[in-house]
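> need a 3D model of the following:
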Amino acid sequence: MTIDTTTMIDAALGLGAAVGLLLIAAAWRRPAAVPSSSRSHPLLRSARDQAGDRRVLLRLAVVVGMGVLTGAATGWVVGAVLAAAGAWFLPRLVGPDRAHARRVARIEAIASWTEMLRDVLSAAAGLEQAILVTVGLAPAAIRSEVATLTARLQSGQRLAPALRALARELDDPTADLVLAALVLAAEHQARQLGDLLGSLATTAREQAAMRMRVETGRARTRTSVRVIVATTLGFAIGVVVLNRAYLDVYNTATGQLVLLLIGSLFAAGFAWLARIAAGGRQPQVLALDTPDATGARDGAATSGGGERS
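Here you go, the predicted model:
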């Protein structure tokens, strides 16, 4: 099949539009920026930003390459767009659930850090001093956040607002329970804080174990999703490569519109499968960003109630 210049130009324009839509979608899904007072250390943030930029550029290169290759092989503008979209979204669908693994690792790290605080407090150290002592020993999953908390304290920020900022950064219900107890201790000199931290650390480890059990059950669903996606894509590629004449009907403008409709239906189906296979995120249970003492007291009361249950 010959491919004229107009077709290639149309494919390139369609691919550019697809890449632009993907960038808009990625920017839309990105979390809101954290205020400058609650961001990580500049050097750590710079290293993470550079690594993230390299990953994004690599993904864009793969997306563009897949779109150009598909457009050159088929001469379809819609085919190039669908191939580029698939190269961007499908790795997340068929790949491992890294977000869930990060959440579990963060919960276990919170439990370990809580135990560290409990042990240091048992040596009659103050809460702020205990936090400063544990910064170098904090688990890797939350080390940058704890380092940022320490930097705030060393710069003169009060302990309670710094802990609320840490709660926003960790963004985890288990961390809320621990930090609510610490806010209560910072503002109202709570008694038996070490015992409470020990109980919260146990609760955190139990939640991590529960999420691992849930993940084991979802693994079968994700395997089924991978089989469905691989079978569908394998059939489509096989038809394009082995029986190209069967798809000549899509060479017309009407055929391209029909192909776009079919591709949209498959994309919706894959998105539905991804939603089924993805692990749900637990909602926040406390509002530690409340600036007044009443909010901290209410949050700590909720923490105590959750622990007693």
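> residue boundaries of the helices in the stretch 151-300 of the chain?
159-170, 173-188, 193-242, 253-277, 293-308 (DSSP state H, counting those that start in this stretch).
> so for residue 116, which of the ones you listed sits nearest?
Nearest to residue 116 among the helices of the stretch 151-300 of the chain is helix 193-242 (9.2 Å), distances taken as Cβ to Cβ. Heads up, the C-betas are built off the backbone N, CA and C, glycines and all.
> and residue 233, how many residues sit next to it?
Residue 233 is flanked by 15 other residues according to other Cβ atoms under 10 Å.
> who's in contact with it?
Residues in contact with residue 233 (Cβ atoms under 8 Å, 6 or more residues apart in numbering) are 86, 90.
> likewise residue 202?
Counted by Cβ under 8 Å, 6+ apart, residue 202 has contacts residue 111.
> related to what we said a few turns ago, looking at the helices of the stretch 151-300 of the chain, which is nearest to residue 55?
Closest to residue 55 of those, according to Cβ to Cβ: helix 253-277, at 19.7 Å.
> so how far is that closest one from its chain's centroid?
24 Å (Cα atoms, centre = their mean, to the nearest Å).
> cool, and stretch 84-98?
13 Å.
> can you check stretch 98-118 too?
Stretch 98-118 has its C-alpha centroid displaced from the chain centroid by 16 Å (Cα atoms, centre = their mean).
> put the alpha carbons of it into PDB.
Provided in PDB are the C-alpha atoms of stretch 98-118 (Å, rounded to 0.1, in the frame of the first residue of the first chain):
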ATOM      1  CA  ARG A  98       2.800   0.700  42.200                       C
ATOM      2  CA  ALA A  99       0.500   3.200  43.900                       C
ATOM      3  CA  HIS A 100      -0.800   0.500  46.200                       C
ATOM      4  CA  ALA A 101       2.700  -0.700  47.000                       C
ATOM      5  CA  ARG A 102       3.700   2.800  47.900                       C
ATOM      6  CA  ARG A 103       0.700   3.200  50.200                       C
ATOM      7  CA  VAL A 104       1.500   0.000  52.000                       C
ATOM      8  CA  ALA A 105       5.200   0.900  52.300                       C
ATOM      9  CA  ARG A 106       4.200   4.300  53.700                       C
ATOM     10  CA  ILE A 107       1.900   2.800  56.300                       C
ATOM     11  CA  GLU A 108       4.600   0.400  57.500                       C
ATOM     12  CA  ALA A 109       7.000   3.400  57.500                       C
ATOM     13  CA  ILE A 110       4.600   5.400  59.600                       C
ATOM     14  CA  ALA A 111       4.300   2.400  62.100                       C
ATOM     15  CA  SER A 112       8.100   2.200  62.300                       C
ATOM     16  CA  TRP A 113       8.500   5.900  62.900                       C
ATOM     17  CA  THR A 114       5.800   5.900  65.500                       C
ATOM     18  CA  GLU A 115       7.700   3.100  67.400                       C
ATOM     19  CA  MET A 116      10.900   5.200  67.200                       C
ATOM     20  CA  LEU A 117       9.100   8.200  68.700                       C
ATOM     21  CA  ARG A 118       7.700   6.000  71.400                       C
END
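> who touches it?
Contacts of stretch 98-118 (Cβ under 8 Å, 6+ apart): 127, 130-131, 134, 137-142, 146, 170, 172, 174-175, 178, 182, 194, 197-198, 200-202, 204-205, 207-208, 211-212, 215, 278-279, 281.
> apply 7 Å and report the result again.
130, 134, 137-139, 141-142, 146, 170, 172, 174-175, 178, 194, 197-198, 200-201, 204-205, 207-208, 211-212, 215, 279 (Cβ atoms under 7 Å, 6 or more residues apart in numbering).
> mean pLDDT and distance to residue 92 added to the helices of the stretch 151-300 of the chain, as a markdown table?
Compiled in a markdown table, the helices of the stretch 151-300 of the chain are given as follows (pLDDT from 0 to 100; distance: least, Cβ to Cβ, whole Å):
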| stretch | mean pLDDT | distance to residue 92 |
| --- | --- | --- |
| helix 159-170 | 88 | 23 |
| helix 173-188 | 83 | 24 |
| helix 193-242 | 82 | 11 |
| helix 253-277 | 87 | 7 |
| helix 293-308 | 39 | 32 |
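> and the helix or strand hosting residue 105, what's buried?
Secondary-structure assignment from DSSP states H and E places residue 105 in helix 98-121. Using 16 or more other Cβ atoms under 10 Å as the test for burial, helix 98-121 gives 100, 103-104, 106-121.
> distance check, residue 233 against residue 256.
To residue 256, residue 233 is 20 Å away according to Cβ to Cβ, to the nearest Å.
> packed most tightly, which of the helices of the stretch 151-300 of the chain would that be?
Among those, helix 173-188 has the highest mean neighbour count (mean count of other Cβ atoms under 10 Å), at a mean of 24.
> many thanks, I have nothing further to ask.
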